[in-house]
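Peer 1: Sequence and predicted structure are below.
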Amino acid sequence: MKDLVNQSQTSAKPQTVMHHAKRKQTISENLKPENKMKEKNRKIHSWLIGIVLAASIIYSNNCGAQIATIAVNSINTNVMTNTKLLFGITFDSRTSLADNAGNFIGYYDSSGVIIPQLNSLFNNFPLSTLRYPGNGIATGFNWKKSIGPINSRPNQDLMGTQGPPQPVKFGFDEFMSMTAAKGVPSSEIQIMVPIYDSATTGLTLTQSRAAMPNVISHNADWVEYCNSPSDGNATNPGGGTDWAEIRASNGHPNPYGIQIWNIGNEPWSGFEYGPSNDSCNAYLTDVTPIIDAMLAIDPTIKITMPTTGNPTNSSNWSNALLNSSLVASGKVYALSAHYFPTENTSAQSINNVSSSLNTLNTVASTKGVKVFVGDYAHYITASNPTTAQKDSAMQWLGANLSADMLLMLSQKSTIERANFWVYGNAIAAWHPIRKNSTANYTSMPAAEIYKILYPAFLDNSVQVSTNSPNAADGRYSIRSNAFVSSSLNQLNIVAVNRDKFNTVPLQVNGTTGYTLNNSKIFTATTNTSETIIQSTATTDGSGNYLMPPMSVLILEYNNTPTGLYDLNLNNSVIQLFPNPADNVLRFSEPLKNIEVFNSNGQKVISKIESLDNISVKELTPGIYFIRSDKLIGKFIVKND
């Protein structure tokens, strides 16, 4: 039918064209000579207008609509401080155990020493905050059996059908030594405590496996072991065994000073209490004595509680938690939410996670409670995932999603920290470092992207305005953010393109006063690639940075203070001091027509006729530019 229609149209067109052509010729022949020239010019003008309009339409459809933008609104307005805490990880306490065949599953061997081939991959991994003992809490990890002389430690049955009962040679003290060696303050360690007592009847299979004898005193003793001073039995807050002296005898006389204690892991799951309001109330009844016992040992610790669901829905777990007496009495520092997003569905998208966090933050903030992302990683589909499905979450597909997740989190002032699931176990479903065979390991893109992004996320994220065209799946393609160092000498722009098919240009604005030092683009050959490719970012004819499909862009700027001197317009030297300034900026000679602009180009001090100094005490800390009759220069305003 399509061919018949086209033939009909083709046969009709010549007749119509000829008819109009003859008619126009007749009209043209009847025109006077001077009118013939006007008619010719009119035709040319109409033809040019048509070409311009067509070009404009083509440009509008193919260029402008596809450009993403980021504008740095103010380097002085922080959104998130200490962005490094977004790069936390959860660490599995079973890291030194072996499977039924005697193969080590983790990063350490049976003597508690890191495996050399793995050390080369994990040694330079950035650590800011760690959550422990990870999966160990679900399998009955007992911290008391993981301390003391290595060769005297009793067996723990933590492997289930995958391995025999065996001693934990890389125990709690070894974990703390590892984190200290990597520069992680003990105040940034997050301890997950068990919540089920083995003497309780009616526990589910999952709860029974995680249960501990005398769970209340078990957790109170752990707080005492970590935080009480070793003072020769002068103090023993829990009575009975003086756990601070035990710690000292194990070679750690000084308290660890661990502040963050998480009550359980995912008690809201269907294998434990369940996610309803009533289920949460049952959980709260069980854990309140545990929390009170822990706080009795050290009232300064910060209690965090696992949460799920919409807190505005009275039938949900989070609603009961936020309306509990524990929260009302100020005993809860933060809620810990878990997310496993995917790029495939809107319901599990990063944007959906963002909306969920916004709702949780809104309600939690009214209660004076903070929010953690206790665990996150790319979702692994299917109840019995294949090796390829598990690998996919850790390959470039998962790394790109992690970049998207971290950028989303960095735009929220109410998120304190986040942890990636899970490190320490190289054969787990989620394996950022994967064991291929004996002495053969791969640091997956999900781990390598942390090494790339950690230095790019400077001290603070700042206020930006962003815009993005839609990706092929109908959702956004580009997410971007800006980060500054505390000194304001460095500014980084970080962006991710999650579109699997299209290159998207990114326009960057608001970097006045900074010089671009590096422009790096990170890509992979396929979404299942396990190698990240770094190259120099390129721009289009308009200076927009081209972001290929599934790529990450990092732009590094700096603004090192020029010191006390700036060249004036006549190449003589005028002294500005002190620089940085706090109250008054002085000049070595009087200047006229003085104007001051902030880093966004906004005038903050209007023309001043003639002075040898100006007051800057009303200016917020940041980088400023001064223009006068003799000088174009820059200076920094610092806090008093």
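Peer 2: Noted; the coordinates are in hand.

Peer 1: In three-state terms, label Tyr454 for me.
Peer 2: At Tyr454 the chain is in helix, as set by DSSP: H, G, I helix; E, B strand; the rest coil.

Peer 1: Thought Leu86 was touching it, still the case?
Peer 2: No. Counting by C-beta atoms under 8 Å, Tyr454 sits too far from Leu86 to count as a contact (9.2 Å). Any C-beta I mention is one placed from the backbone N, CA and C, and that applies to glycine too.

Peer 1: neighbour count winner among these two?
Peer 2: Leu86 (27 against 17; other C-beta atoms under 10 Å).

Peer 1: Surely that one is in contact with Arg417?
Peer 2: Yes. Counting by C-beta under 8 Å, Leu86 does reach Arg417; the two are 6.7 Å apart.

Peer 1: ok, and the closest non-adjacent residue to Val373?
Peer 2: Residue nearest to Val373 in three dimensions, not counting chain neighbours: Ala418, with 3.7 Å by C-beta to C-beta, 6 or more residues apart in numbering.

Peer 1: ok, the helix or strand that the one you found is a member of: who's next to it in the sheet?
Peer 2: Using DSSP states H and E, Ala418 sits in strand 415-423. According to DSSP bridges, strand 415-423 forms sheet pairs with strand 88-91 (parallel), strand 370-376 (parallel).

Peer 1: what's the following helix or strand after it?
Peer 2: strand 433-437.

Peer 1: about what we covered before: what separates the residue nearest to Val373 from Thr342, distance-wise?
Peer 2: As defined by C-beta to C-beta, to the nearest Å, Ala418 lies at a distance of 17 Å from Thr342.

Peer 1: Settle it for me: which of the two has more neighbours?
Peer 2: Ala418 (24 against 17).

Peer 1: Tell me who's in contact with that one.
Peer 2: Taking C-beta atoms under 8 Å, 6 or more residues apart in numbering as the criterion, Ala418 is in contact with 85-88, 372-373, 376, 405-406, 409.

Peer 1: who does Ile636 bridge with?
Peer 2: Bridge pairing for Ile636 (DSSP bridges) gives the partners Ile623.

Peer 1: Any buried residues in stretch 434-446, and which?
Peer 2: 434-435, 441-446 (16 or more other C-beta atoms under 10 Å).

Peer 1: in terms of contact, does Asn497 touch Ser477 like I think?
Peer 2: Yes. Contact criterion C-beta under 8 Å: Asn497 and Ser477 qualify, at 5.7 Å.

Peer 1: Stretch 413-430: how far from the chain's middle?
Peer 2: Relative to its parent chain, stretch 413-430 has a centroid offset of 11 Å by C-alpha atoms, centre = their mean, to the nearest Å.

Peer 1: Stretch 177-184 now?
Peer 2: 22 Å.

Peer 1: again with stretch 283-298
Peer 2: On C-alpha atoms, centre = their mean, the centre of stretch 283-298 falls 32 Å from the chain's centre.

Peer 1: Need the strands paired with strand 415-423 in JSON lines (columns: mean pLDDT and distance to Gly510).
Peer 2: Below are those laid out as JSON lines (pLDDT from 0 to 100; distance: least, C-beta to C-beta, whole Å):
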{"stretch": "strand 88-91", "mean pLDDT": "98", "distance to Gly510": "30"}
{"stretch": "strand 370-376", "mean pLDDT": "98", "distance to Gly510": "28"}
